[in-house]
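Undergrad: Give me coordinates for this.
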Amino acid sequence: MRIVLCYPVEPKHVAQIQAVVPEAEIVEASQQNIPEKILDADIYCGHSKERPIEWREVVRRGRLRWIQSSAAGLDHCLAPEVVAADEITVTSASGVLADQVAEQTMALLAGLLRNLPTFFRAQQNREFIRRPTRDLHRATIGIIGFGGNGRRLAEVLRPYKGTIIATDWFPTDKPDTVDELWPAARNEELIARADILILAAPLTEQTRGMLDARTISTMKVNAVLVNVARGKLVVEKDLVAALQAGRLAGFATDVTEIEPLPQESPLWSLPNVIITPHVGGQSKWRIDDMTDFFCENLRRRLANRPLVNLVDKRLGFPAWTPRTADA
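TA: Numbers count the residues shown, from 1 in each chain. Got it, this is the predicted structure:
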């Protein structure tokens, strides 16, 4: 068995994985050489960001059997060839970085609602000014995408005494942290109803461009949008037009349609926009947590037990499963 890793492991992480499968050959690949290393992998754990993988050739080789994404998103590996290959299992890291994504979301949201960009600019100019702020308490909050990240967000937001409504493609196991859990077919209804709309959905053909000129036009004029999922869920030019026209109160995002965001993008200069450079998953414990999760799924695979975050490749995301579940 040959396991190829493409995430920033340290020797202790490799040793941890080796302890689960002593007979396996473990190969550390870099972002630069992963397209070559993966060709001879039986199991691949990682997230290729810099060089595209030739998935057609990987599938043609017929060796790869399991992809464990080291990210919640799967757009980096769900190529048509992988989706069509019944012999390749895919699992997501949904929920592994949910605490960090929740913290990032709260920072973006609080900054937007409390008008921090205005006050930061005033501080740089040594000006003491006051401007209106908004409340998070008692707002109607919509969360699109109720996997690991969306569920953790609801837990963090619950104490703010608002109405929390979430949508998901598998609207099951409704927790007390949300007032309502709707099917994804009601996404547009939620978009129109929310004071605060948070995107936590995967990027699939069903979700790509889901916030476009038409759906944005249905949002409340005083609504704010927060995107901690994937930039391509939003048609950026349509969003910019709405912000410039005063159709939305603000936008905060950790992701953009193109990354890095081009210098000429109007988003940089809009006063009611907060942008962070896709750092929502950063954490002191990120690699430890990812390795723990991979090892858990490795043990499950060896014992012929169901894998956590098993992906429906046709849909492009996993059904929600608690990390401790055996079912």
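Undergrad: what residues does stretch 261-271 touch?
TA: Applying CB atoms under 8 Å, 6 or more residues apart in numbering, the contact partners of stretch 261-271 are P117, T118, E236, V240, L243, Q244, F251, T256, V273, I275. To be clear about C-beta, it is placed using only N, CA and C from the backbone, and glycine gets the same treatment.
Undergrad: element containing the fifth one, please.
TA: Secondary structure here is read from DSSP states H and E; on that basis L243 sits in helix 236-244.
Undergrad: do the second one as well
TA: Assigned by DSSP H and E, T118 falls within helix 116-124.
Undergrad: And the next helix or strand past that helix?
TA: As assigned by DSSP H and E, the chain's next helix or strand after helix 116-124 is strand 140-144.
Undergrad: Give me the mean pLDDT for stretch 1-13.
TA: Over the span of stretch 1-13, the pLDDT mean works out to 97.
Undergrad: mind listing what's buried in it?
TA: I3, V4, L5, C6, Y7, V9, H13 (16 or more other CB atoms under 10 Å).
Undergrad: Over to stretch 295-305?
TA: By neighbour count on 16+ other CB under 10 Å, the buried set for stretch 295-305 is C295, N297, L298, R300, R301.
Undergrad: Out of the residues you listed, flag the one nearest to W169.
TA: For W169, the nearest member of the buried residues of stretch 295-305 is N297. The distance, counting by CB to CB, is 21.5 Å.
Undergrad: what's near enough to touch that closest one?
TA: Listed by CB under 8 Å, 6+ apart, the contact set of N297 reads Q68, T91, L307, V308, N309.
Undergrad: related to what we said a few turns ago, which two of the buried residues of stretch 1-13 have the greatest separation?
TA: Distances among the buried residues of stretch 1-13 were taken as CB to CB; the most separated pair is V4 and H13, at 13.9 Å.
Undergrad: Quick check: closest non-adjacent residue to the residue nearest in space to the middle of the chain.
TA: When the chain is reduced to its mean C-alpha position, the nearest residue by CA atoms, centre = their mean turns out to be A229, at 3.8 Å. Nearest residue to A229, sequence neighbours excluded (CB to CB, 6 or more residues apart in numbering): L199, at 4.6 Å.
Undergrad: Return the residues in contact with that neighbour.
TA: With contact taken as CB under 8 Å, 6+ apart, L199 is in contact with I144, G145, L211, L225, V226, N227, V228, A229, L233, V234.
Undergrad: ok, now which ones touch the closest residue to E23 other than its chain neighbours?
TA: The shortest distance from E23 to any residue other than its chain neighbours is 6.6 Å, reached at M1 (CB to CB, 6+ apart). Applying CB under 8 Å, 6+ apart, one finds that M1 lies in contact with V21, E23, A24, E25, D42, I43.
Undergrad: Now the residues you listed in a markdown table, please, with extra columns for secondary structure.
TA: What follows is the contacts of M1, written out as a markdown table (DSSP: H, G, I helix; E, B strand; the rest coil):
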| residue | secondary structure |
| --- | --- |
| V21 | coil |
| E23 | coil |
| A24 | coil |
| E25 | strand |
| D42 | coil |
| I43 | strand |
